[in-house]
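[1] I need the structure of the sequence given here:
(one chain, ligands or ions: 3)
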Amino acid sequence: MALGAGDTIVALSSGRPPAAIAVVRTSGPRASALAQQVAGSLPPARQATLRRLIDPTDGNIIDDALVIRFAGPHSATGEDVVEYQCHGGRATVDALIAVLVRESGVRLAEPGEFTRRALANGRLDLTEAEGLADLLAAETDLQRRSAMVRAGGGLRVRLDRWREQLLSLSARAEVAIDYADEEDGSLDNDLSGALGDLSTEIRMLAESPRVEPLRDGIRVVLAGPPNAGKSSLLNALVQAERAIVTPIAGTTRDVIEVPVSISGIPFVLVDTAGLHESDDEVEAIGIARARQETSSADILLWLGAAEATPVHERLIVLLPKSDIPRDEASNHALPVSSHTGQGIPELSTKLVGLALKLLPRKDEIALVRRERDLLAEASDALARAASLTDPVLVAEELRVARTAIDRIAGRAGVEDLLDTLFGRFCLGK
Ligand SMILES: Nc1nc2c(ncn2[C@@H]2O[C@H](COP(=O)(O)OP(=O)(O)OP(=O)(O)O)[C@@H](O)[C@H]2O)c(=O)[nH]1
Ligand SMILES: [K+]
Ligand SMILES: [Mg+2]
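    Ligands and ions are numbered 1, 2, ... in the order given. Below you'll find the model as predicted:
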């Protein structure tokens with residue numbers, strides 16, 4: 001757990017001053033006592049109350065502010081929380097925070113510490129906290145809507161239900177163990193069926209769209225031999241001269257990433273070095289990177305010969321420089337010309353079409369890799385359990401499934417993960 005978990009924490013939860021109004025939040029065992037001291041008396045819970053804030057040591061007026069108190073455990077953090085909505089000038093905010101943190105047992109909050117306490121106190125689970133982090137970072141409407149589903153408990157409710165089902169299935173397996181001596185000790189068909197059904201249900205969720213393409217943009221990698229016209233195509237797609245284009249083969253040496261929004265969908269176009277055998281040390285490194293990008297691409301644009309097309313799940317084969325007449329024609333390749341613009345709108349449409357398959361539909365949940373992996377783990381354990389007859393082994397597989405589900409919600413083995421997650425939060429959240 002974070003340093004000084006029992007401290008009362010203070011932070012400016014609104015944006016950087018100056019602003020019209022600033023929200024200073026306090027949470028912890030001393031929050032109410034602090035409010036009493038600074039605001040004169042304890043304001044009623046959950047009612048915005050106008051108070052004159054006074055420095056208790058010298059009686060100086062700090063500000064007139066709206067004070068709202070939330071008594072724990074019915075607060076965002078599960079502890080006593082007091083919010084001060086004061087004037088948003090820097091000096092006012094600084095003066096208020098200085099008076100609050102002067103008390104012993106009170107200190108400034110770390111980034112994300114309010115949410116971390118909410119998690120520790122069971123006010124939200126890890127999937128909701130992650131959704132919240134995405135919500136704070138959301139830049140597009142699609143990102144916002146997806147984050148809302150997660151932050152609103154879209155995954156948590158399912159995990160809670162499955163945890164209960166797993167517990168009751170475990171209880172049934174335990175009963176079978178207890179009666180193993182008296183009867184034949186094998187499981188009833190009912191139980192096997194229930195295990196199989198739950199495995200399938202969890203597997204379906206495990207195959208939900210990933211959060212990452214939505215969060216970071218869908219990676220579209222342009223690959224092909226030198227001089228194929230990769231950089232020119234990137235420039236044509238983003239309608240700006242972002243990558244260097246020359247008639248010299250081997251112009252692009254490093255990976256170039258250009259974020260672009262097409263029809264409101266966030267993409268990252270990735271230009272790469274032309275793939276070929278090279279003796280040049282620098283170029284060889286660039287080519288190795290290009291191969292890496294090609295294999296990790298969400299969508300691959302191939303600008304090379306049809307017979308050399310790499311294997312990829314979401315592939316668009318292009319016939320570049322279509323303005324140049326040539327003999328051979330490929331039925332499978334989409335003709336594009338960065339010079340005349342031929343095929344560019346069709347390519348954009350195809351990109352959007354493939355992207356939509358990677359993104360959550362409206363109200364559909366998106367999962368981070370960790371969640372997908374753990375759900376698959378739980379589903380696998382249940383599938384194994386369904387095929388077993390020895391109740392002792394079934395109980396063991398059920399325990400594996402339960403642990404996986406608990407880890408998704410952040411109830412087990414996630415300390416390192418919490419540090420990374422809360423590092424993404426801003427101060428005061
Ligand atoms: N006629 C025609 N020429 C093109 C087209 N696209 C690119 N070219 C030309 O082809 C040459 C190579 O273009 P680049 O975009 O640099 O090709 P590249 O694949 O990025 O090349 P490397 O980075 O060196 O591997 C340049 O001289 C471009 O002007 C096109 O659509 N039509
Ligand atoms: K070139
Ligand atoms: Mg290039």
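
[2] How about Arg52, nearest residue that isn't a chain neighbour?
    Spatially, and ignoring its direct neighbours in sequence, Arg52 is nearest to Asp64 (5.4 Å; CB to CB, 6 or more residues apart in numbering). C-beta: built from backbone N, CA, C; applies to glycine.

[3] Now do the SS call for the one you found.
    Applying DSSP: H, G, I helix; E, B strand; the rest coil to Asp64 yields a three-state assignment of strand.

[4] separation between the residue of the stretch 251-400 of the chain found nearest ligand 2 and Ala129?
    Among the residues of the stretch 251-400 of the chain, Thr251 lies nearest to ligand 2; the distance is 3.6 Å by CB to the ion. Taking CB to CB, to the nearest Å as the measure, Thr251 falls 45 Å from Ala129.

[5] Which one of the two is surrounded by more residues?
    Counted by other CB atoms under 10 Å, Thr251 and Ala129 do not tie: Ala129 has more neighbours, with 24 against 16.

[6] residues touching Gly217, list them.
    The neighbours of Gly217, taking CB atoms under 8 Å, 6 or more residues apart in numbering as the test, are 259, 266-268.

[7] Most neighbours among these, which one?
    Top of the contacts of Gly217 by neighbour number is Phe267, holding 24 neighbours under the definition other CB under 10 Å.

[8] The host helix or strand of it and ligand 2 in contact?
    Assignment of secondary structure by DSSP states H and E places Phe267 within strand 265-271. No - using CB under 5 Å from the ion as the criterion, no contacts between strand 265-271 and ligand 2 are found, and the smallest distance is 10.8 Å.

[9] and the following helix or strand past that strand with ligand 1, contact?
    If you walk from strand 265-271 toward the C-terminus, the next helix or strand you reach (DSSP H and E) is helix 281-296. No - on the criterion CB under 6 Å from any ligand atom, helix 281-296 is out of touch with ligand 1, staying 9.0 Å away.

[10] Can you tell me which residues in the stretch 251-400 of the chain are near ligand 2?
    Selection of the stretch 251-400 of the chain residues close to ligand 2 by CB under 5 Å from the ion yields Thr251.

[11] now the helices for the stretch 251-400 of the chain?
    Secondary structure of the stretch 251-400 of the chain, counting by DSSP state H, counting those that start in this stretch: helices at 281-296, 344-358, 369-387, 391-409.

[12] Is Val258 bridged to anything, and to what?
    Partner residues in beta bridges with Val258: Leu269, with DSSP bridges as the criterion.

[13] how far away is it from Trp302?
    Separation of Val258 from Trp302 (CB to CB): 19 Å.

[14] do Phe114 as well
    On the measure of CB to CB, Phe114 and Trp302 end up 48 Å apart.

[15] State the distance from the residue nearest to Arg52 to ligand 3.
    For Asp64, the distance to ligand 3 under the criterion CB to the ion, to the nearest Å works out to 62 Å.

[16] right, and that residue touches Thr49 too?
    No - contact status for Asp64 versus Thr49: not in contact, 11.3 Å apart, counting by CB atoms under 8 Å.

[17] higher neighbour count, those two?
    For Asp64 against Thr49, the residue with the higher neighbour count under other CB under 10 Å is Thr49, and the figures read 15 against 11.

[18] Which residue, other than its chain neighbours, is closest to that one?
    Computed as CB to CB, 6+ apart, the closest residue to Thr49 that is not its neighbour in sequence is Pro43, at 3.9 Å.

[19] Which elements pack onto the helix or strand of the chain with the lowest mean pLDDT?
    The helix or strand of the chain with the lowest confidence, counting by mean pLDDT, DSSP states H and E, is helix 415-423 at a mean of 76. For helix 415-423, the contact count by 3 or more CB pairs under 8 Å, 6 or more residues apart in numbering; DSSP states H and E identifies helix 113-120, helix 126-137 as packing neighbours.

[20] Cool, thanks, signing off.
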